[in-house]
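>>> sequence? don't have it. structure:
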């Protein structure tokens, strides 16, 4: 079993399992709840937003098969916004989403970001649990029914977690690493 991270784009044929599965998942969990056609979230942002120097898109590939992935885009000068965190249904409950989040955080730091922001939907409790377990701070009241908030926002100070202050003058976006192996 060989896992590797591949930096690419949502347009890469290897990204199609992620794009198709997330589109289906959003459509089945939310339908037109937010007043948009089912799956509209997946076409909301152009692929260029998930490309260096301001974004990135990573896949976790095992023996040639895409099993997980995710992306980030620029939210503001010091903040990357995580998007598209996904694990193939056949490979869930193995910690792969956490590996993706960890890799995206590391890449965001390499590209000069000091903070991560993200939102997830109220019908994705496993995503909320992942972010809470990995040190994200909820920007909503966790004591009330999540449906009241609809979209659940989280943040994480990467610079503090990495033990380095953010220096806007030194902010220089960096390209992604080539491919790296994951355990």
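Received it, and whenever you're ready, just let me know what you need. What you see is a predicted model; the values in this text were computed from it and never measured. Numbering: from 1, shown residues only.

>>> hmm, residue 81 and residue 75 touching each other?
Yes - with contact defined as CB atoms under 8 Å, residue 75 reaches residue 81; the gap is 4.0 Å. Backbone N, C-alpha and C define where each C-beta goes, glycine included.

>>> any residues in contact with both of the two?
residue 117 (CB atoms under 8 Å, 6 or more residues apart in numbering).

>>> neighbour-wise, which of those two wins?
Between residue 75 and residue 81, counted using other CB atoms under 10 Å, the more crowded position is residue 81 (21 against 18).

>>> flag the shaky bits of the chain, pLDDT-wise.
162-183 (pLDDT under 70).

>>> give me the helices and strands touching the lengthiest strand in it, please.
The residue-count maximum for a strand in the chain (DSSP state E) belongs to strand 65-76. Judged by 3 or more CB pairs under 8 Å, 6 or more residues apart in numbering; DSSP states H and E, the packing partners of strand 65-76 are helix 16-30, strand 56-62, strand 79-87, helix 96-110.

>>> reformat the ones you listed as a markdown table; add distance to residue 116.
Output for the helices and strands packed on strand 65-76, formatted as a markdown table (distance: least, CB to CB, whole Å):
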| stretch | distance to residue 116 |
| --- | --- |
| helix 16-30 | 19 |
| strand 56-62 | 12 |
| strand 79-87 | 6 |
| helix 96-110 | 6 |
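
>>> wait, which of these is closest to residue 144?
Smallest distance to residue 144 across these (CB to CB): 19.4 Å, for helix 16-30.

>>> other residues contacting that closest one?
10, 38-39, 41-42, 59, 66, 68-69, 84, 86, 88-89, 121, 123-124.

>>> how about stretch 139-153: buried residues?
140, 146, 149, 152 (16 or more other CB atoms under 10 Å).

>>> ChimeraX command for the buried members of the contacts of helix 16-30?
The buried subset of the contacts of helix 16-30, as determined by 16+ other CB under 10 Å, is captured in ChimeraX by this line:
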select :10,38,39,41,42,59,66,68,69,84,86,88,121,124
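
>>> residue 125: what's its closest spatial neighbour, skipping adjacent residues?
Leaving out its chain neighbours, the residue that sits closest to residue 125 by CB to CB, 6 or more residues apart in numbering is residue 146, at 7.6 Å.

>>> residues contacting that neighbour?
Residue 146 makes contact with 122, 125, 128, 140, 152, according to CB under 8 Å, 6+ apart.
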